[in-house]
Structure formats: C-alpha cells, structure tokens
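*Asks:* For reference, the sequence and a predicted model appear below.
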Amino acid sequence: MASKTFVTPLVRHVTTRGYAQAAPALSREARISKTILPNKTFVAALDNGSPVTRVTIAFKAGSRYEPQTELGLAHVLRSAAGLSTKNSSAFITARKLAQIGASVSASGDREFVYYTLETTNDNVDEAVSLLSKLVSGQEFRAWELTDNIPRLQFDIAALPPQVRAVDLLHKAAYRRGLGNSLFISPKKIGKISSESLQHYASNLLTNANCAVAVVGDSQERANMIAQNLQLGSGNFKFDSDTKYYGGELRKEMGGDLAHVALAVQGAKAGTPQALALAVAAKALGSGPVTKWGASNSPLAKAIGNVGPFAAAGFNVAYSDSGLFGVVLSVPKDEANNAVKICGSFLKKASLSADAVKAGKSQLKVQILSEADSGTSLAESLAAQGFYTGSVKSPSEIAKDIDALSANDIQSALSSAAANKISMGAAGNLAFVPYVDEL
Amino acid sequence: MAFRTTAVALNNMKKWAYNLSGFNKYGLLRDDCLHETEDVTEALRRLPQHVVDERNFRMVRAMQLSLTKTILPKEEWTKYEEDQLYLTPIVEQVKKEREERENWEKIY
C-alpha cells in the first residue's frame, strides 16, 4: 500500500514533464496574409498558433460618417451591438455565446466600428456564425433601443475628463467629419430613431466598407467568414475632404485639475511621417515608468516640480489627416505655466537624440505588447487594411521604427509644427491660457 | 365556385359574429379587448406612443359609454372591415420570444 502512494505522484510528475516538453512545438513563425475578395471586402489573417481565435469584423462606420443632423449615431450603433437582428434574438445570441465561452465586443473610433469575437479554437465555427448573425441584418427595434438608454448614459457618465479634452480637441481641429464626437451628446440620448440607425447601417455596413481580420486562424478561414457575411452591397461614397482648421474649445467642469489637449496637424495613417510622429510622441514622454516614480521625459522635466501632474505625447493618425501633440492633466493653479511649456514644445519642434532613442524603444514595446493581447491586434489589422490596403505584422512595424532616422523624425516634427495649434480643455480652467496666449 | 361560396359564407359569418359581440358599438377594436396578460403588456410597451394613446382614448370612451348606459351613434361603430389588428402580431412575436427563452431554460 505504501509503495502505491509513492508511485502515483511519480507517474504524474513524468506525464506533466512530458507535456511540458511537447509545448514548444506550438510556437512557430506567425504567418500574415491578406486578400481582397471580389465583393471588395478586405480580409487579413495572422496565423500565430494561438489557442484563442480572434475575429474582427470592421466597418467604415465611425463617427466621422455621421451627418451633422444626426450626431451620435455611431455611438448608438456600437452600443446596439447584440440587440435582436433579422436572424436571431438578443437573448439567444447572448446565451449561445456564453454557452461556448465566447465573447463579442463592439468598439469604435472616429473612422471605424469593430465587432470582435474571442473564442477557443474548437468553437470557432459556431461562434463565427453567431457573430455574423449579430453583425448582419441589424434591425434596431425601437423598444430595444429605449431599453438601451441607460447604457448610453453610463458611457457618458463614465467618461474621464482627459477623453473629453481630446474629443474637444478634435472638434476644434476639424469642426466636422473627424471633429464629430465619439460620444452622443446627453441631450440626443433617446432622440436617435430606429429609422435613422437603419439608414446609417444600410449605407455603411456593406461589403465594400468591410474588413475582416482573424488572429489565430488561417487565411482560408478568414475568407470563409467574410464570404458568409450577409451584408448589403451598397457602395456609399463619402466625399468630404478633411480640412484642419485649428481652434480651441473649452469645457469648464470644476474640480481641482485642468485637463488640456494641445495638438498640431500630424500625418496620415500608414505614412512614414505618422510613424515618425508616433516616435516623437513617445519621446515627449508618457508618464513615469515606475510606480510613484519621477518621470524622466523631456516634457515632465520642463514642467518641473508642480505637484501631481501627468503629461504625455499624443499622436493619432486617420486616413486623411492626423493630430500630434500633448495631453496634460495638471493642478489648476499650475495650469498656466504647464500649458505654456507644452505649447512651446510643440512650437519648438526639436528633440534630443537620447529622447528619440528612448521614444523608439518605448513605441516598439508598446506595439509588440499590444500585439500579444490578440484582440487589439485583430482590430489594428483591420484598421491597417482600411488605411493602406495591406497589413504589416507587429515585428515588421518594429523594424520600420528601427529604420527611422533622427532626420526623418525631425522633418516630420517641423512640418507638423508649421500648423496652427489646436486646444481642447476640460476641468477647472481658471488659469488655463487661451491658445493665442501660448 | 364552391370554394368561393364557402369563403363568402365564412366571411359573412365572421361579420355577423363580430357585430353580435357588441364591442364595436362602443367604438372599440378587437385588439382593445385582449386580456392584458404579461405578453400583452410587453407588446403594448413596444407600440409607438401615439398608437397606445389612441387605444387608451377608445377604452376611456367605452367605459364612459358603459357607465352612462349608452352606445355610440351607428355611424361611429367600428366596422369589421376597418378593424386592423394592431397588437396581435406583436403579441405573437412576444410569445415566440418567451417560448424561445423557456425552451432554452428547459435545456440548460
């Protein structure tokens, strides 16, 4: 008897060791591929052998496509994900997804709306069919939209003031189109009708406006997913040239802090300039790297010791424009000085070689570690497809970052700095200077 | 021919039964007389507000008429041909959804 108890753990130990040794066989070189289907849907796949498959179905239906009379449509659209569609009811979609442990999330930015599915490899078939039922044939039943109002209200109430500042910055910089807020205005909640949503969806959720990205499965699977989507075939042409106006918008909200976003016009997505500006934004600083530590970035050093504050470089790139600048949260009494320093950084437009080097490394780490959480990778593949019509794996992007010379970054910075500064500010603005005082 | 005759006869009979039931003399529609079960309450919630308002008006008017032991003048009675089912299709849908839910809960 005694010998038996002794033996069992030994056997178990051997078997577990055996499995552990088998594991490395899974890690292989990730293959990335893309294609464009005859119906103009962009399809990309990154087969990295991950046990979890992520599928993103993205549409060019972000807030920039909202008509000025119906602002907030995009927000309602993404919060209406999972309601009853032509093909299945909200209840059964949710329960079936839960039963196989899959999850679907809808997120969006100014240009795109992403429906992203996460599931284990063995349940891909069922989960994908549920996702495609959820995405295609959306009906936006009026009473379900009414029931959804608290969710919108929560979204608005939970907005951090920094996000409001960046939103105001976009509005000031572009006015319309890209300037449309990502979020519905509180006064419009409940006023967006089912009909206008249906109109918006039938114009924009179409094959030609769609990109499908799969992480953790093959290109063939991705093609199949894209082909099985039952979408409209309309070809909605959106013709508006994005113009950078520049300006400022302030929202006085009280409190102890001032949140300010300053920016100049950056570069289009997919261009080397956009990558250079992303490096420059990282080089300006992105907060302390150790908990409670001091920030060693050029921005933080220039602002100095003014109590608790946060300052970070900021760069976004859209299909036809971009913004490069600084986001700052600072105690209200120090706002005047700190905002002026940030403004002078944007005007001066030069960075030391050391800062650029640190910025490159930080950006690489950010891109590669975001790629490790496959959800954001799938979404970024879809976005890349829309922007450039091709996809680059994170390691290729990292190589591109390495290839950037100090000169590239300097020239991108100085061409950005030639533009007028825009500003969005929220919080306690008592001592925040106006943009012409910078 | 036989089919047509049957259909006409059936329709006439429906009309006769409709007039016999009497609610049309109070200006009510068939769907106003549905017993308010949970399904019907849910269906009412899904109607556009103006339809619910019209329904409430008809019901209040009918109660008023009943209290005063009168009926509407004959030209204001609801006609069988004009009686649209505005609620029944939604009730059917609600019922289907409820059954779907109950079936799911039976299995899992």
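*Replies:* Everything's here; your move. Worth saying up front: this structure is predicted, and the values here are computed from it rather than measured.
*Asks:* Grab the most central residue of chain B for me.
*Replies:* Centroid check for chain B by Cα atoms, centre = their mean gives B:Asp31 as the closest residue, at 1.4 Å.
*Asks:* where are the low-confidence patches of the chain?
*Replies:* Since you didn't name a chain, this refers to chain A. Within chain A, the segments meeting pLDDT under 70 span A:1-29, A:235-240.
*Asks:* Chain B, not that one
*Replies:* B:1-2.
*Asks:* Tell me the residues of the stretch 101-250 of chain A that contact chain B?
*Replies:* A:Arg141, A:Ala142, A:Trp143 (Cβ under 8 Å from any Cβ of the partner chain). Where you see a C-beta, it was placed from the backbone N, CA and C, and this is true even at glycine.
*Asks:* Contact partners for the last one?
*Replies:* Contacts for A:Trp143 (Cβ atoms under 8 Å, 6 or more residues apart in numbering or on different chains) come out as B:Arg45, B:Arg46.
*Asks:* Does it lie in a helix or a strand, and which?
*Replies:* helix A:142-147 (DSSP states H and E).
*Asks:* Report the buried residues of that helix.
*Replies:* Within helix A:142-147, the residues that count as buried by 16 or more other Cβ atoms under 10 Å in any protein chain shown are A:Glu144, A:Leu145.
*Asks:* Equivalent analysis for stretch B:72-89, please.
*Replies:* B:Leu72, B:Trp77, B:Thr78, B:Asp83, B:Tyr86, B:Leu87.
*Asks:* Endpoints of that stretch, how far apart?
*Replies:* Criterion Cα to Cα, to the nearest Å; first-to-last residue distance in stretch B:72-89 is 28 Å.
*Asks:* which bits of chain B sit near chain A?
*Replies:* Residues of chain B lying close to chain A (Cβ under 8 Å from any Cβ) are B:Arg45, B:Arg46, B:Pro48, B:Glu97, B:Glu100, B:Arg101, B:Trp104, B:Tyr108.
*Asks:* hang on, isn't A:Phe309 packed against A:Val330?
*Replies:* Yes: at 4.2 Å, A:Phe309 and A:Val330 qualify as touching, with contact defined as Cβ atoms under 8 Å.
*Asks:* Common neighbours of those two, please.
*Replies:* In contact with both A:Phe309 and A:Val330: A:Ile303, A:Ala338, using Cβ under 8 Å, 6+ apart.
*Asks:* Please identify which of the two sits among more neighbours.
*Replies:* Each of A:Phe309 and A:Val330 has its neighbours counted (other Cβ atoms under 10 Å in any protein chain shown); A:Val330 has more, 26 against 21.
*Asks:* quick one: secondary structure of that one?
*Replies:* At A:Val330, secondary structure determined by DSSP: H, G, I helix; E, B strand; the rest coil is strand.
*Asks:* what are the bridge partners for it, then?
*Replies:* Here A:Val330 sits in beta bridges with A:Ala258, as judged by DSSP bridges.
*Asks:* measure it to chain B for me?
*Replies:* Taking Cβ to the nearest Cβ, to the nearest Å as the measure, A:Val330 and chain B are separated by 48 Å.
*Asks:* A:Leu130 now?
*Replies:* 14 Å.
*Asks:* Now do the contacts for that residue.
*Replies:* Per Cβ under 8 Å, 6+ apart, neighbours of A:Leu130: A:Ser88, A:Thr93, A:Lys96, A:Leu97, A:Ala102, A:Val104.
*Asks:* Kindly reformat the residues you listed as TSV containing distance to A:Asp402, secondary structure and neighbour count.
*Replies:* TSV is the format used below for the contacts of A:Leu130 (distance: Cβ to Cβ, whole Å; DSSP: H, G, I helix; E, B strand; the rest coil; neighbours: other Cβ atoms under 10 Å in any protein chain shown):
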residue	distance to A:Asp402	secondary structure	neighbour count
A:Ser88	47	coil	17
A:Thr93	44	helix	21
A:Lys96	45	helix	17
A:Leu97	41	helix	21
A:Ala102	37	coil	22
A:Val104	36	strand	21
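*Asks:* and B:Phe57, how many neighbours?
*Replies:* Neighbour count of B:Phe57, defined by other Cβ under 10 Å: 11.
*Asks:* let me fix that: B:Asn24
*Replies:* B:Asn24, neighbours per other Cβ under 10 Å, totals 21.
*Asks:* isn't it right up against B:Thr78?
*Replies:* Yes: judged on Cβ under 8 Å, B:Asn24 makes contact with B:Thr78 at a distance of 4.0 Å.
*Asks:* What distance do you get for the nearest residue to A:Gln273 once chain neighbours are set aside to chain B?
*Replies:* Nearest in space to A:Gln273, with sequence neighbours left out and distances taken as Cβ to Cβ, 6 or more residues apart in numbering or on different chains, is A:Ala267 at 3.6 Å. Remark: distance between A:Ala267 and chain B (Cβ to the nearest Cβ) = 49 Å.
*Asks:* same deal with A:Val214?
*Replies:* 29 Å.
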